[in-house]
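Undergrad: sequence unavailable; structure follows:
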Ligand code: QAP
Ligand code: CO
C-alpha cells in the first residue's frame with residue numbers, strides 16, 4: 001500500500017472523463033483501490049475517485065463510518081445510476097480536490113446503483129442520505145465534474161480565486 005498525491009483544482013486532469021474498467025477486476029485494480037483508501041483515510045476524507053490521484057478509470061472508494069466507529073470501506077468499479085428520485089436534498093459538500101471550500105449542493109435524494117465491488121461481484125442497491133450525496137459527488141468526478149461546477153458562477157469563481165491564492169502561497 002502507498003499514499004498517492006491528490007490533485008487539486010484547477011488541475012486539467014480533473015476535467016478528464018474516466019474510462020470503464022474493461023474485463024475483470026484484477027489485483028492491480030485492487031492495489032489501486034487499497035492505495036486510494038489509504039490516501040483518503042490519511043487526508044482524511046469520506047470519498048475519492050481514481051482521477052483525483054491521476055488515474056482516469058471509473059473507480060471510487062468511500063467510507064462513511066463516523067469517528068470512533070469501525071472502518072467501513074466501500075469500493076465501486078464502473079458504477080452506474082439506474083434511477084434517480086425526483087425529490088432532492090441539499091447537502092453542504094466539500095472535496096479533497098477543492099480544499100477548504102464548502103457549499104450546499106442540491107441533488108436527487110435517492111439513487112439506484114449498479115457497480116462491481118472489490119471482488120468484481122455485480123451489486124445493485126439503493127442509496128439515500130449521505131451515501132446518495134457521496135456516490136453522486138464521486139460519480140461526477142468520473143465525468144470531469146466538480147461540485148463547484150453545480151454552483152452559481154459567482155460562488156464558483158470565489159472558490160477558484162481562493163484555490164489559486166492558496167496554491168501561490170504554497171509555492172513561495
Ligand atoms: C465528497 O469529500 C463528499 O476541503 C468527499 O480541507 C463531501 O471527503 C461527499 C475534505 C460531502 C458528500 C458530502 C475536504 C478534507 C474532504 C476539505 C471529502 C479539506 C479536507 C472531503
Ligand atoms: Co470530490
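TA: Yep, it's here. In this text, all values refer to a predicted model and were calculated from it rather than measured experimentally. Numbers count the residues shown, from 1 in each chain. Ligands and ions are numbered 1, 2, ... in the order given.

Undergrad: mind telling me what element the closest residue to residue 139 other than its chain neighbours is part of?
TA: Take residue 139 and drop its neighbours on the chain: the residue closest to it by CB to CB, 6 or more residues apart in numbering is residue 79, 5.8 Å away. Yep, even glycine has a C-beta here, placed from its N, CA and C like the rest. Per DSSP states H and E: residue 79 is located in strand 73-84.

Undergrad: spell out which parts of this structure neighbour ligand 1.
TA: Residues of the chain lying close to ligand 1 (CB under 6 Å from any ligand atom) are 43, 45-47, 91, 93-96, 99-100, 133-134, 137.

Undergrad: sorry, back to before: which other helices and strands contact the strand holding residue 79?
TA: Strand 73-84 sits against helix 27-42, strand 59-63, strand 110-116, helix 129-142, with contacts defined as 3 or more CB pairs under 8 Å, 6 or more residues apart in numbering; DSSP states H and E.

Undergrad: one more pass at 6 Å, please.
TA: The helices and strands touching strand 73-84, judged by 3 or more CB pairs under 6 Å, 6 or more residues apart in numbering; DSSP states H and E, are strand 59-63, strand 110-116.

Undergrad: go ahead and flag the most central residue of this structure.
TA: With distances taken as CA atoms, centre = their mean, the residue of the chain nearest its centroid is residue 138 (2.9 Å).

Undergrad: isn't that residue right next to residue 47, touching?
TA: Yes. Residue 138 is within contact range of residue 47, at 4.8 Å (criterion: CB atoms under 6 Å).

Undergrad: where in the protein is pLDDT low?
TA: 172 (pLDDT under 70).

Undergrad: how about a cut-off of 90?
TA: Residues of the chain meeting the criterion pLDDT under 90: 1, 67, 162-172.

Undergrad: now do the contacts for the residue in the chain that ligand 1 sits nearest to.
TA: Using CB to the nearest ligand atom, the closest approach of the chain to ligand 1 is made by residue 45 at 2.7 Å. Shown in contact with residue 45 (CB atoms under 6 Å, 6 or more residues apart in numbering): residue 96.

Undergrad: pull the longest helix from the protein.
TA: When the chain is parsed with DSSP state H, its longest helix is helix 153-171.

Undergrad: packing partners of that one?
TA: Packed next to helix 153-171, using 3+ CB pairs under 6 Å, 6+ apart, is no helix or strand.

Undergrad: chain neighbours aside, what residue packs nearest to residue 83?
TA: Nearest residue to residue 83 in three dimensions, chain neighbours excluded: residue 112, at 4.0 Å (CB to CB, 6+ apart).

Undergrad: could you do residue 5 as well?
TA: residue 53 (6.7 Å).
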